[in-house]
Every structure is written in structure tokens, then in C-alpha cells.
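Engineer: Mind folding the following:
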Amino acid sequence: MPEMYFHVRWPDGTTQRCYSPSTVVEDYFVPGSQYALADFVERSRTALGIAGERVQEKFGFFCTGASDQLAQIERTAAAYATVRDAKVTVESLTGAGGSAR
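Structural biologist: I've put the predicted structure just below:
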């Protein structure tokens, strides 16, 4: 499966490289776009859920990388839950080899 990474900037400026086992994240995130914190988390849940299911369909098991990444996103997002108008920026989407999408 074509792995992808989505690079995000959290409300405090911290950056994170997030993993997806599928290109489905391209359907949910646009490079350079900002998302309200709750919207970003929900889009991540949906995209990574679909990505995990695609792995299951192809290989017969759910991708723990997708579920682990989602758990990390949810933990990080919880730290900003009280920040008024918290936004997350998706800075870029890249393939496994680092090429921009």
C-alpha cells in the first residue's frame, strides 16, 4: 500500500509528522490549510479509519500504525482542548519517499 505522511503544525507552533498507510488522507487534508482542532481530529479519525480498513481488506489485518497514529493525534489534541479557536495547519502531504503530493 502507498504510505503517506501528513505534516502538521499544532496551535503552539509544534510540528509533527503523521503516518498513514494509505493515500486516503489526500481526500481529507489540503496542504497549507488550517482546520479547527475538533475538525482536524475528526478528519484524522475518518481518514485513518479508512486507511486501516484498506490494509485489512488487502492483508487481512487492521493496520496498528494507523490506530497508533490516531491515538497520538488524539492525545496531542487533548492538550489544546482549552485553547480558544485552536487551529491545526496541514503543512504538507508527502509520499513514503519524501516526495510532495
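
Engineer: pretty sure residue 54 is touching residue 21, no?
Structural biologist: Yes. Using Cβ atoms under 8 Å, residue 54 is in contact with residue 21, at 7.3 Å. The way it works is simple: take the backbone N, C-alpha and C, and place the C-beta from them, glycine included.

Engineer: When those two are compared, which one has more neighbours?
Structural biologist: Between residue 54 and residue 21, counting by other Cβ atoms under 10 Å, residue 21 is the more crowded of the two (23 against 19).

Engineer: Pop out the phi and psi values for the more buried one.
Structural biologist: Per-residue torsions, residue 21: phi -80, psi 0 (degrees, to the nearest 10).

Engineer: okay, it: pLDDT?
Structural biologist: With respect to pLDDT, residue 21 scores 94.

Engineer: Sticking with residue 92, tell me its helix or strand.
Structural biologist: Using DSSP states H and E, the element containing residue 92 is strand 87-95.

Engineer: on contacts alone, who are the packing partners of that strand?
Structural biologist: Here strand 87-95 touches strand 4-9, strand 33-36, helix 37-59, going by 3 or more Cβ pairs under 8 Å, 6 or more residues apart in numbering; DSSP states H and E.

Engineer: That strand: which residues count as buried?
Structural biologist: 87, 88, 89, 90, 91, 93, 94 (16 or more other Cβ atoms under 10 Å).

Engineer: between that strand and helix 37-59, how big is the angle?
Structural biologist: Counting by axes from the mean of the first three to the mean of the last three Cα atoms, to 10 degrees, strand 87-95 lies at 30 degrees to helix 37-59.
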